[in-house]
Structure formats: structure tokens, C-alpha cells
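Novice: please work out how this folds:
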Amino acid sequence: MVSIFIRTYRNDLNWLDYCLKSIHKNLKGWDEIVVCIPTGQEHLLSHLTAEKVVVCKTYRDDYIGQQISKLEAYKHVKGEYVLFVDSDVVFFEGANVLDYFHDNKPVLLYDKWENVGEAICWKPVVEKLYKEDVPFEFMRSLPILYHRATLEHFAEHFPDIESYATRQPHRQFSEFNILGFFIWKHEQENYVLIEAKFTTGSHGNKIEGLPKNKSKQFWSWSGLTQKERIELEESI
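Specialist: All right, here's what the predicted structure looks like:
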């Protein structure tokens, strides 16, 4: 069973409508969609009937709050696997959850830090948590699929991760890099780890040796522009 987990908040709701529409229309292979929103905002999702709506704590810095909520997704989902999808992601025709598997295991992409540009800002916060050198970056292509059990095991290893996350510099916490290195250290046998070598196209990334990722993330920090709205309408 595969659960899709989307952590949203009030400023992302316009994006969320397109995201959910694209999932229902274009993405195959999932069993449930869980939409998580901070306490006090759940009334904004009262129109959703095909998705499970859950609430999480409200954080002063919701950038950190979103990441903590993802690390705690295992509390809300039923699936053996969790596909993390952001509100500003849309899926294109032919998308399938099976594309995130290889040899019946979730795919985890990684790359050397010198190849990841500004994402290198996440290296110190991961190394500080693990108290050792972290050679790779693990957020090379979204969405990312994990075993639900990985999230549970991580929480057992780091029960104070919420406190750690809220103490980090602004926008320098990375839940997927912290999870990625946890897998590298403890659970490599449960994943297929592949060094990221991909080309970028108009409808998603193509990683060498894997199916094309038939999705696109629009990075919603800038808001939903009219140009993007038109692109979304034409895409889905």
C-alpha cells in the first residue's frame, strides 16, 4: 500500500488544487492521499472529500514546521510506503508510483556536494546531527518515496529531532537529506541507491537507467503567477 503525504498550509492552497487534480487524473499506483495542515487552518480544506485531512502543530517558522511534519508522517498514513508530494508539484499523463521503485525497492538518489550548488548549505546541519562527515546530498529529485518503517526507525534514533530542527539557522534544515543519510548508514539494503545523473526536460527529469519522472515542481515561494496558472491548466 502506498500513501501520498502532502504537507500544506494556507498560502499553498491554490497550488494544492492543481496538485490534487493532477494526482487523481494522471498518477497511478497509490492507495490514499493524506493532506496535513497546521491546527487552526483545517477549515480551509473542508471541501476535500477524496482525501484524508489531518492536522499538525503550528510552528512560528512554517518552513521548519513543514519538515518536522513530514518526518512525523508515519503517525498519519496507513501505507507501507510514503510518497512525499509538495503542494506545488503536478503529475503529467502516464505518471506511476512504480516509477519510484527499482527492483521492487524505493529509489534514493544521491550526489556529491560539489555538484549541488546552493544546496550545500544543508551539509553542516546534517553533519552536526550525525557528528560525522556526510559525503552526499540526498534530495536530487522530488517526489521521494520511503518505507514508512524508515520514518519510524528514524524517530526512534532521534526522538528530539523537533527540538534540533527548530534550533537551526533559517532555511538550513533539510528533512530529506537527514533521512537520506540515515538510510545510507542503516538501511541501504531496503533501497536502491543511485548516483544522480539526469537531464532536465519540460515535463520532469530523466535519470539515467530509470523511468522519466513525470512530474514538475514549481517552487511556490514566488506565488502562483498567471503564466504558471496557464501552464498548469494546459498540463492537466
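Novice: okay, the residue nearest to the spatial centre of the chain: pLDDT?
Specialist: Centroid-nearest residue in the chain: Phe84, 3.6 Å away (criterion: Cα atoms, centre = their mean). Looking at Phe84, its pLDDT is 98.
Novice: same thing with His203?
Specialist: The model reports His203 with a pLDDT of 48.
Novice: show me the contacts for the residue nearest to the centre of the chain.
Specialist: Neighbour list for Phe84: Phe5, Lys70, Ala73, Leu142, Pro143, Ile144, Leu145, Tyr146, Phe176 [criterion: Cβ atoms under 8 Å, 6 or more residues apart in numbering]. Where you see a C-beta, it was placed from the backbone N, CA and C, and this is true even at glycine.
Novice: what is the neighbour count of the residue nearest to Leu98 when sequence neighbours are not counted?
Specialist: Leaving out its chain neighbours, the residue that sits closest to Leu98 by Cβ to Cβ, 6 or more residues apart in numbering is Gly29, at 5.4 Å. Gly29 has 14 neighbouring residues, counting by other Cβ atoms under 10 Å.
Novice: where are the low-confidence patches of this protein?
Specialist: Low-confidence segments of the chain (pLDDT under 70): 198-211, 220-222.
Novice: does anything pack onto the helix ranked longest in the chain? Which helices or strands?
Specialist: Across the chain, the longest stretch assigned as helix under DSSP state H is helix 13-26. Helices and strands touching helix 13-26, by 3 or more Cβ pairs under 8 Å, 6 or more residues apart in numbering; DSSP states H and E, are strand 2-7, strand 32-38, strand 89-91.
Novice: tell me what the shortest one is packed against?
Specialist: I take that to be strand 89-91. If you count contacts as 3+ Cβ pairs under 8 Å, 6+ apart, strand 89-91 packs onto helix 13-26, strand 215-217.
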